[in-house]
Each structure stands twice: as structure tokens, then as C-alpha cells.
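1. Got a predicted model here, sequence first, then my questions.
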Amino acid sequence: MASKLKKENQAEFKRYKEDVAKEGKPFFPYAIFHDTVMSLVVVVVIIALAVIWKYTADGTEAGILGPLYTEEADPGTTNFIPRPDWFFYFLFYLLRIFKWPETVVLGTVGVPTLLLVLLLTLPFYDRRPERAVLRRPVAFVAAILVVISMGVLTWKGATAKEGSEAVGEVPAWAEEQGFADDPVAVEGATLFAESGCLNCHVYLNAGGQNLGAPDLTEEGLKGRGIEWQVAHLKNPSSKVPGSQMPSFATLGDENLTKIATFLEASKGPQG
Amino acid sequence: MAKSARQAQIEQAALYPLDWVEERSGLVGYTKWMLFRNVPRDVNWMQTLGSATLTAFIVQAVTGVFLAMYYKPDPNSAYQSIQHITNDVTLGWLVRGMHKWGASLFIILMFLHMARTFLFGAYKYPRELNWIIGVLLLVMGMAEGFTGYLLPWDQTAYWATVVGININATAPIAGPFIAQFLQGGAQIGPDTLAKFYSFHMLVIPGGIMALIGLHMYLVVRLGVTSPPWSKVAAGRPRDVAPPDGYGEYREGLIREHEQEGKDS
């Protein structure tokens, strides 16, 4: 059967070659005229974007198209929200669908690799000569699903909230985790929400999963103790080798103890 | 109309360099073959997306060369050199702005070009190989986006790269090695920046240029497809035209059918 398909393909391509030779028009000047117009449009759009970007922004002050640059890179920052370029938003958001650590590899490598292989090998599993899109229902539906899901993931990635907006959640956390009657733990929770921990960590329903940071909702069940937690906050990689987490020593011993108390009181939702 | 001797002389003098090159390389012939090849009568505006993508890439290459003259790939001076380019160098802001926004447009155009190819079914026989090259170009284009994003060495750049490298690290088996190779040390620092710079302006663009050359060679060799909805599409199956004097087309078909019946 395969050889029949091959013969059909070859016959059609031969017919195509003959038709183009007989009825076609030369690339120059006809087709290249359209190409030139389109290319000029592209260059004008690029220049226009550059001009709008430059003249509505001022240094680190964002304009319509964002700032010219943000502050200089500082590895010691604790509350900067990591965000990739917009065309990686879909991958960025895919990460939050899969939970650390059991399935995160599906989001980071599994799904993207699978999609890439499917894309790369498309001509080998879609071998029918049919080209009209309405007579290729599977391809048509698959294309629409891909466009919609990439659009939704990009949009969700662009509007995802994380970080210090979670301070308002602290009373609900105290209620749910059952540490409402421990004022030190509540203060620790407030500090936790304010200090940018949720840029990387997840706590109950808040926060983002970045840099492989673990979910801290049930941190208290690990039995590490307040002393361990304080030492870890001061110098994370001394307790967890290879950790990407920055040091929070600048918060001071008193505050770190509060955060440690809060973490130790976090034993997962009660009932 | 006969040309005057003087005209013929001028023409010959003007064409001499071309003839010289043609005799030694055949390049003039190849160029003619490329320019004056036929394309289907009904090519669509959507089929200009490929050349638009090429234009965006050329913009990136040209602005990139100028940026490289002023940019310093070192954590101590990268941020200052970006500020210098943006605020002090004559038209530096325009060159950097075009490079920054051209990158987004390049990615968008690659996706649109791919969508057009998909919609037209233009990845099917005999153009499968060119689809594969196109997907590789898309991946390399996104790698350019990833490596270029670190270069301004601002907070956005730094933290996005931290996340990116950590994503690489989660891959099974090879992941941690790739991550360590990209990072080149315990922390993102001078080695990372130099490495990303080298990839961004040497390795990946070199690969992209080679693949674009191959991509375009295959386009010229295999030809451009007609839109699948076209009524005059090149390569559509034709019915045999009715001979003169047999009236309507339909009747011709019936007559032919009868003929076949008698024969058997």
C-alpha cells in the first residue's frame, strides 16, 4: 500500500511541476513584490515598537511597552519575581500545573519534549496527500486545541499573581493550620508572606513553584525543629546541599525565629 | 532594431564582470534560476510570512553586530554597557530597541509561518524535510530568546535565567549536567554570562544561518504550494478536455463512457 501512496505522491508532484512550468508566474518580479511589501511592514513595525518603547519609558520606569531595563542583577535579592520573556510564558505556567516534586518533570521536560517530537515528526504520521484543511478534521481540531491551550497558558502566565499579595491570607492560614492561638506563629506567617517566600514556595493555595522550591504547607510534619529552620534560613545550602534559595539572614534572628515557629506550626490543614 | 556600435560596446563592458564571475562560478546562472523560476499563479499573501521571518532575522543579525561593538559580557560592566547603549550612544536606543522587539516579532513570525504551512498542508510530500528544518529553526530561535534574555544583566534577566536553568536541571539523567554546563559554576556569574553571550552571537546564529540556507534551497528546489482551496491550483487532477465539436463537457464524458462499453 505504501508504494501506491508513493506513486500517487510522485504523480501529483510531477503534475504540479508541469502546471507551474506551464501556467505559473516568475518569482521575480511578481512574488518578490509581495515579499518586499511584507518585509517593509515588518521593519516598520519593529522600528515603531522600538520608538514607542523608548519614548514612553524612562530607565527603570515602565512605559507602554515596559521599562528600558530593570535594576542591576543582584543575586542577594529575596523578593524579585522571576519572569521569563513572554514567549516562554506557556512553559512557565505549565510548571504550576504539575506539582513539585512528583510530577514536575512532566511539566518541565515531559510535555514539552513530547510536543516537540510530535511536531518534528508530523509529516511522518500525517501522510495522506489531502491538503484542504476542512477535509483534514483531526489535524484541524488538533491545531485549534494547540492554539487555544498555548494562548490560555500564555495568558495565565502573563497574569499569574504571586509573592507578597498573600498577606491578606494569613488569618485564613492560621485558622486552617490551627495556629491561630499562637501569636508568634501568626507574626511569622505575616513575615513569610511579606518576604517573598511565595515567589518560589507554595503554601496552601498561594505562591508559585519556581527553582524547584518545595511546598511548605506541611513543613511542620518533617520534625526538623526551630533551630534547624533558623540555620537553614540563614544559609540554605548548608542544610540542603545545592539549594538555590538565597540567604534570609538580613531579617535578623528574632524574625527568623518567628518564621521558623510558623513553619514548625504548619502541619497541613486540620480536618 | 540594430544597436549602434557604441551601445554594444557599453553593454559588453557592463556585462564583462558578470560574465567573468559566471565563467568561473556559475553563480549568475544560479541566481537567474532562483529569481526567474515559476511559482504557482495563485500564491497567497500568507505565503510572504517566510520571507518576513527572514527579514526579521536579518534585522536581528545587523542590529546584533552593532550591539556587540558596545556590549561588555562581564557581570561588572554588562549592566553599565546596556545603560550606555540605551542612553548615550548615538541611536543606540534604536538599535537596542529594534533588537529587543525584533526578537519578539521573529518568534511571532516563525509561529505564523508554521501555522500557514500547517494550514496549507505544505509539509506533506515532498516537503517533509523542510518542515523538520523549520521546526529546528523554531527551537533555535527560542534558544536565542533564552540566551539573549540574560545579557542586559538586570534583575529580570538574572532571575528568569535562574528559573530557566533550574527547569533544565529537572530533566532526567542529562538535566543536571546541562544545567551545570549552562551555569558554569556554583552561581550564575561571569562564566554563565560569557557562555550565554558566545551561544547567543556565535553558535546559535551560525546554526540558524546554515539551516535558513538549506531551508531556502529546498523551497526553491521543490517549489511553492498553491493554497489548497485554489480552483487553479497547480498539480490538481485534471479531467481530459472534451474534443472540439462535442458540445458540453458532460456529454463528452458520457460519450466516452459509451465508447468504452462498446469496446468491451
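-> Arrived safely, thanks for sending. Numbering: from 1, shown residues only, chains lettered A, B, ... in the order given.

2. residue boundaries of the strands in chain B?
-> B:38-39 (DSSP state E).

3. could you pull out the helices for it?
-> B:5-25, B:27-35, B:49-70, B:78-87, B:92-119, B:128-150, B:155-169, B:175-183, B:190-198, B:204-222, B:249-263 (DSSP state H).

4. do you know which of the ones you listed lies nearest A:Val186?
-> Closest to A:Val186 of those is helix B:155-169 (Cβ to Cβ; 29.6 Å). C-beta: built from backbone N, CA, C; applies to glycine.

5. all helices of the stretch 101-250 of chain A, in order?
-> A:104-105, A:111-120, A:122-125, A:137-159, A:170-177, A:183-194, A:225-234, A:236-239 (DSSP state H, counting those that start in this stretch).

6. Can you classify A:Phe80 by secondary structure?
-> coil (DSSP: H, G, I helix; E, B strand; the rest coil).

7. re earlier: pick the most buried one from the helices of chain B.
-> Mean neighbour count (mean count of other Cβ atoms under 10 Å in any protein chain shown) peaks for helix B:155-169 among the helices of chain B, with a mean of 23.

8. For the stretch 101-250 of chain A, what lies in contact range of chain B?
-> Contact residues, the stretch 101-250 of chain A versus chain B (Cβ under 8 Å from any Cβ of the partner chain): A:104-105, A:108-109, A:116, A:119-120, A:122-124, A:126-133, A:136, A:139, A:143, A:147, A:210-212, A:244.

9. Mind checking which residue lies nearest the centre of chain B?
-> In chain B, the centroid-proximal residue (Cα atoms, centre = their mean) is B:Leu54; its distance is 4.5 Å.

10. I'd like to check which residues are in contact with the nearest residue to that one once chain neighbours are set aside.
-> Closest residue to B:Leu54 apart from its sequence neighbours, by Cβ to Cβ, 6 or more residues apart in numbering or on different chains: B:Ile212 at 6.7 Å. B:Ile212 is in contact with B:54, B:57, B:137, counting by Cβ atoms under 8 Å, 6 or more residues apart in numbering or on different chains.

11. Flag the shaky bits of chain A, pLDDT-wise.
-> A:1-2, A:78-79, A:99-102, A:161-165, A:209-212, A:270-271 (pLDDT under 70).

12. For the stretch 51-200 of chain B, which residue gets nearest to chain A?
-> B:Gly97 (2.8 Å; Cβ to the nearest Cβ).

13. From what I see, that residue and A:Tyr55 are in contact.
-> No: contact criterion Cβ atoms under 8 Å: B:Gly97 and A:Tyr55 do not qualify, at 9.9 Å.

14. ok so, going back, distance check, the residue nearest to B:Leu54 against chain A.
-> 15 Å (Cβ to the nearest Cβ, to the nearest Å).

15. same thing with B:Tyr30?
-> 14 Å.

16. Look up the closest residue to the spatially most central residue of chain A, ignoring the ones flanking it.
-> For chain A, the residue nearest the mean C-alpha position is A:Phe92 (0.9 Å; Cα atoms, centre = their mean). For A:Phe92, ignoring the flanking residues on the chain, the nearest one in space by Cβ to Cβ, 6+ apart is A:Gly157 at 4.7 Å.

17. thinking again about what came up before, turn the helices of chain B into CSV, columns for mean pLDDT.
-> Putting the helices of chain B into CSV (pLDDT from 0 to 100) gives the following:
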stretch, mean pLDDT
helix B:5-25, 93
helix B:27-35, 92
helix B:49-70, 97
helix B:78-87, 96
helix B:92-119, 97
helix B:128-150, 97
helix B:155-169, 85
helix B:175-183, 87
helix B:190-198, 94
helix B:204-222, 97
helix B:249-263, 45
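
18. Show me the domain layout of chain A.
-> Using automatic domain parsing, the domains assigned to chain A come out as A:24-70, A:83-160, A:164-264.

19. Could you report the neighbour count for residue 231?
-> Here I'm looking at chain A. Residues within reach of A:Ala231, counting by other Cβ atoms under 10 Å in any protein chain shown, total 16.

20. oops, I was thinking of chain B
-> 8.

21. and it, how far is that from chain A?
-> In terms of Cβ to the nearest Cβ, B:Lys231 sits 12 Å off from chain A.

22. what's that residue in contact with, if anything?
-> Contacts of B:Lys231 by Cβ under 8 Å, 6+ apart: none found.

23. Backbone dihedrals for it, please?
-> As for B:Lys231, its main-chain torsions (degrees, to the nearest 10) stand at phi -80, psi -20.

24. For A:Tyr69, grab phi and psi.
-> phi -160, psi 160.

25. circling back: looks like the residue nearest to the centre of chain A contacts A:Trp86 (just checking).
-> No: in this structure A:Phe92 lies outside contact range of A:Trp86 using Cβ under 8 Å: 9.6 Å.

26. what's the angle from the longest helix along chain A to helix B:78-87?
-> Longest helix in chain A, counting residues (DSSP H): helix A:32-56. Per axes from the mean of the first three to the mean of the last three Cα atoms, to 10 degrees, the angle that helix A:32-56 makes with helix B:78-87 is 110 degrees.

27. residues of helix A:32-56 that come out buried?
-> Neighbour counts over helix A:32-56 (16 or more other Cβ atoms under 10 Å in any protein chain shown) mark A:32, A:35, A:38-39, A:42-43, A:46-47, A:49-51, A:53-54 as buried.
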